[in-house]
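K.L.:
Turn this into a model:
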Amino acid sequence: MTALNDGWFTEVFQDQGTAFSLQVKKKLHEEQTEFQKLEIWETETFGNLMVLDGCVMLTTRDNFLYHEMMTHPALFTHKDPKKVVIVGGGDCGTLKEVLKHPGVEEAWQVEIDERVTRLSEQYFPELCESNADPRANFFFGDGIQWIRDAVPGSLDVIIIDSTDPVGPAEGLFALDFYRDCMIALRDGGVIVQQSESPLLHTNTIIKTIHDDMKKAGFDHVRTLPFPQPVYPTGWWSCTMAGKEKPVVYFREEDADQRPFVTRYYNADIHRGALAMPQFMVDALEDEVMSSER
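P.N.:
Predicted coordinates:
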């Protein structure tokens, strides 16, 4: 639910009794795509704002937090990622971060709504500056089917950069999809899924992700919290799992000496994010214990 009052864009989380607002200057774009309502606003202090079906997706000012944490922990956990697939991520910010890794040979962005990418090129060009990289590939269509059709054992990292688990993204939070990801990954492969707010969703969405990933064959699952001011509660997470690989270990020296610039991610942040708050450990006790074996 959204509202615009006296120059403020407000996203209301009715079931949680809370809301988030940004002061806006003007609406830059609005359209109903084949899949969703897409709006772009110019804000007073957070740059441009993208909204899908009334939900805040990203702003110029703070998107780096999400994009870096959706990318670098997974890629530095894998021993040598060569082929990476992003399911969703139409704004191209995650793709940009993936392509910072010089060892990546092929990256696919599989996005159902091409208009998200085209409008990102116009209103968030800084996120799209790697789109012309020869390693970048784009497929606009059904990500669930794309993963299902992938050659078994052909992928190193799968990043599920999805919206909330409703509408077009609902099938990306499903056991059958995780099973298809397991088949598509090589041994040692890593999957990472955006997993909503730890404060609101640990006992619901996050626990279900852990349970379903384990049922799909991922024995090693861990949720990494991180700040995200424009999302509900200002606290977000990604959930990472490994195929025959514990995800509590990563290439710490490579992360510390990474040959590219980040604004949030570093080796210390990675180590800290692996230390889940106690209420999450309590809620996910079986999964946490198995991920540390």
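
K.L.:
can you give me the strands in the stretch 1-150 of the chain?
P.N.:
In the stretch 1-150 of the chain, the segments counted as strands under DSSP state E, counting those that start in this stretch are 2-5, 8-13, 18-32, 37-43, 48-52, 55-59, 83-88, 106-111, 136-140.

K.L.:
Of those strands, flag the one that's most buried.
P.N.:
Burial of those is given as mean neighbour count (mean count of other C-beta atoms under 10 Å); strand 83-88 ranks first at a mean of 25. To be clear about C-beta, it is placed using only N, CA and C from the backbone, and glycine gets the same treatment.

K.L.:
ok, back up a step: who wins for proximity to Ile159 among the strands of the stretch 1-150 of the chain?
P.N.:
Among the strands of the stretch 1-150 of the chain, the nearest to Ile159 by C-beta to C-beta is strand 83-88 (4.6 Å).

K.L.:
is Arg38 in a bridge, and if so with what?
P.N.:
One thing to correct before we go on: residue 38 is Leu, not Arg. Residues in a beta bridge with Leu38, per DSSP bridges, are Glu31, Leu52.

K.L.:
Roughly how far does it sit from Ala74?
P.N.:
Remark: distance between Leu38 and Ala74 (C-beta to C-beta, to the nearest Å) = 27 Å.

K.L.:
Also Tyr231?
P.N.:
For Tyr231, the distance to Ala74 (C-beta to C-beta) stands at 19 Å.

K.L.:
go on, Met50?
P.N.:
For Met50 relative to Ala74 (C-beta to C-beta), the value is 23 Å.

K.L.:
Same question for Phe9.
P.N.:
32 Å.

K.L.:
which other helices and strands contact the helix or strand hosting Met213?
P.N.:
Element membership for Met213, per DSSP states H and E: helix 207-215. Secondary-structure packing of helix 207-215 (3 or more C-beta pairs under 8 Å, 6 or more residues apart in numbering; DSSP states H and E): helix 175-184, strand 185-194, strand 220-227, strand 235-242, helix 285-291.

K.L.:
Please spell out which residues along it are buried.
P.N.:
Buried positions in helix 207-215, judged by neighbour count with 16 or more other C-beta atoms under 10 Å: Lys207, Thr208, Ile209, His210, Asp212, Met213, Lys214.

K.L.:
so who does Leu65 touch?
P.N.:
By C-beta atoms under 8 Å, 6 or more residues apart in numbering, the contact set of Leu65 is Phe226, Pro227, Gln228, Pro229, Tyr264.

K.L.:
Point out where the stretch 51-200 of the chain drops to low pLDDT.
P.N.:
163-169 (pLDDT under 70).

K.L.:
90 instead?
P.N.:
For the stretch 51-200 of the chain, applying pLDDT under 90 flags the ranges 162-174.

K.L.:
Using JSON lines, please lay out the contacts of Leu65 together with pLDDT and neighbour count.
P.N.:
Below are these laid out as JSON lines (pLDDT from 0 to 100; neighbours: other C-beta atoms under 10 Å):
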{"residue": "Phe226", "pLDDT": "98", "neighbour count": "20"}
{"residue": "Pro227", "pLDDT": "97", "neighbour count": "13"}
{"residue": "Gln228", "pLDDT": "97", "neighbour count": "21"}
{"residue": "Pro229", "pLDDT": "96", "neighbour count": "16"}
{"residue": "Tyr264", "pLDDT": "98", "neighbour count": "15"}
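
K.L.:
so which of those would you say is closest to Leu95?
P.N.:
Tyr264 (17.4 Å).

K.L.:
Wait, a helix at the closest one?
P.N.:
No - counting by DSSP: H, G, I helix; E, B strand; the rest coil, Tyr264 is not part of a helix but coil.
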